[in-house]
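*Asks:* For reference, the sequence and a predicted model appear below.
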Amino acid sequence: MAFRYGGRYSPDEARRGTADGRRAPPAPMLHHLASRPKWVTVAATPFLLGAFFQSPLGMATDLAAFGLIALAMWLTREGLAAEAAYDTRRVARRPAFPRKLFGGLLAGLGLGLGAAEPGALAGAGVIGLAGFALHLLAFGADPMRDKGMDDVDSFQQNRAARMIEEGETHLSQMQEAIQKIGDRRLEARVAGFAATVRDLFEQVRDNPGDLSAARRYLGIYLIGARDAAVKFADLYGRTEDPQTRAAFETFLDDLEKGFGAQTDKLLEGDRSDLEIEISVLRDRLVREGVRPAADPASRPPLASPDARDLDGLLSPERDSLRKLP
């Protein structure tokens, strides 16, 4: 199997695939400020290097200052990653732990501690506050509101989140089993399958009502794929039988097609729902005289008979008939 050359920083990497048309694993989501915490940590290295040329108290203070700043930048980097995932998704909860906020507090505390001297605690406090303010200006605040969840059932959303979390665990176990073989081609193949599965994860995360239709894929099928990968890794690691490898790759092909077809089916259902809503509201606007009536021949057909039923429920003529004795 041949792969197109590319890497993390190659253009159009997200849509790049293998030579046989399979999807390549996507590049990780990165925030546009993801490189800044590293440089702040590098800028704090004078605390680390100069600590060994001071008194024991000064050494402990400078080492603590560097440790706080390094921890702050780690928290900030994690907060930026969480914000990138939040911005990418249509429906998302705010981060449970505001990492950037606490990163800013630790950065200010580290700067204040590094600048502290006997009799100059007020100046150290001012430096710490300035460090917190600069951190806020450089990295921004954490997302503090849920997004796109006004009409989402929280119970269903929590169920979908648990199922997706379990599915991510199955995928990780599957990939770990294949990595034990040490075959990069197989690792890339499983990574491509994982990318297709995560498309279904995103669809269910955005529309928790699709969980019932996707339950078998998130549970039974994914557990079966994990178990098959573990058994294949154990057998192929001992025998290196090409027939066993071909059977496993064929199994992945069939399974990937099934997951892709289910994702497309759910997406098509969303499109049908949108067409129904548009058709019903358009007819309602016509009845209220907001827009002229369209030629019936040019009107797109309704995607489902449910739309006609819903349209009838909204019809003022039916309301008037109900009032007749």
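*Replies:* Happy to help now that I have it. Numbers count the residues shown, from 1 in each chain.
*Asks:* Quick one: the strands in this structure, in order.
*Replies:* Taking DSSP state E, the chain contains no strands at all.
*Asks:* Got the domain ranges for it?
*Replies:* 24-139, 154-280 (automatic domain parsing).
*Asks:* and Lys147, which of the ones you listed is closest to it?
*Replies:* domain 24-139 (4.8 Å; CB to CB). C-beta coordinates here come from the backbone N, C-alpha and C atoms, glycine included.
*Asks:* The closest one: how far from the chain's middle?
*Replies:* Distance of domain 24-139 from its chain centroid, counting by CA atoms, centre = their mean, to the nearest Å, is 24 Å.
*Asks:* got a pLDDT number for the most centrally placed residue in the chain?
*Replies:* Centroid-nearest residue in the chain: Ala85, 4.5 Å away (criterion: CA atoms, centre = their mean). pLDDT for Ala85: 79.
*Asks:* distance of it from Ile223?
*Replies:* Applying CB to CB, to the nearest Å, the value for Ala85 to Ile223 is 25 Å.
*Asks:* Pull the number of nearby residues for Gly182.
*Replies:* Around Gly182 sit 9 other residues, with neighbours defined as other CB atoms under 10 Å.
*Asks:* oh, and call the first residue 38 from now on, that's how I've got it
*Replies:* Sure, I'll start numbering at 38, so the last one becomes Gly219.
*Asks:* ok, Ala88 touching Ala101?
*Replies:* No: using CB atoms under 8 Å, Ala88 is not in contact with Ala101; the gap is 9.2 Å.
*Asks:* Tell me which residues touch Gly160, please.
*Replies:* 152, 154 (CB atoms under 8 Å, 6 or more residues apart in numbering).
*Asks:* what's the spacing between Tyr254 and Gly204?
*Replies:* 9 Å.
*Asks:* Mutual contacts of those two, please.
*Replies:* Common contacts of Tyr254 and Gly204, defined by CB under 8 Å, 6+ apart, comprise Val234.
*Asks:* Just the buried positions in stretch 91-103, please.
*Replies:* Within stretch 91-103, the residues that count as buried by 16 or more other CB atoms under 10 Å are 98-103.
*Asks:* Need the residues you listed in JSON lines (columns: distance to Ala81 and pLDDT).
*Replies:* Formatted as JSON lines, the buried residues of stretch 91-103 follow (distance: CB to CB, whole Å; pLDDT from 0 to 100):
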{"residue": "Thr98", "distance to Ala81": "13", "pLDDT": "90"}
{"residue": "Asp99", "distance to Ala81": "10", "pLDDT": "89"}
{"residue": "Leu100", "distance to Ala81": "11", "pLDDT": "92"}
{"residue": "Ala101", "distance to Ala81": "12", "pLDDT": "92"}
{"residue": "Ala102", "distance to Ala81": "8", "pLDDT": "92"}
{"residue": "Phe103", "distance to Ala81": "5", "pLDDT": "93"}
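*Asks:* Closest to Leu171 out of the residues you listed?
*Replies:* Using CB to CB, Ala102 comes nearest to Leu171 of the buried residues of stretch 91-103, at 15.8 Å.
*Asks:* was I right about that closest one contacting Phe84?
*Replies:* Yes: checked against CB under 8 Å, the pair Ala102 and Phe84 is within contact range at 4.7 Å.
*Asks:* Quick check: buried residues in stretch 217-237?
*Replies:* 218, 220, 223, 225-237.
*Asks:* Which member of those residues is positioned nearest Arg127?
*Replies:* Asp236 (13.7 Å).
*Asks:* Once you drop chain neighbours, what's closest to Phe269?
*Replies:* Once flanking residues are discounted, Phe269 sits nearest to Phe285: 4.6 Å by CB to CB, 6 or more residues apart in numbering.
*Asks:* now the helices for the chain?
*Replies:* Taking DSSP state H to define them, one finds helices in the chain at 73-80, 82-87, 93-125, 136-152, 158-176, 191-216, 221-243, 248-253, 259-276, 279-324, 342-350, 353-359.
*Asks:* low-scoring stretches of the chain, by residue?
*Replies:* Filtered on pLDDT under 70, the chain yields the residue ranges 38-67, 128, 185-191, 306-314, 317, 321-322, 326-362.
*Asks:* repeat that with 50
*Replies:* 38-58, 339-362 (pLDDT under 50).
*Asks:* ok, the closest residue to Arg114 other than its chain neighbours - how many residues close by?
*Replies:* Spatial nearest neighbour of Arg114, chain neighbours left out: Pro74 (4.5 Å); criterion: CB to CB, 6+ apart. Other residues near Pro74 number 26, with proximity taken as other CB under 10 Å.
*Asks:* What of Gln280?
*Replies:* Gln280 - counted by other CB under 10 Å - has 8 other residues nearby.
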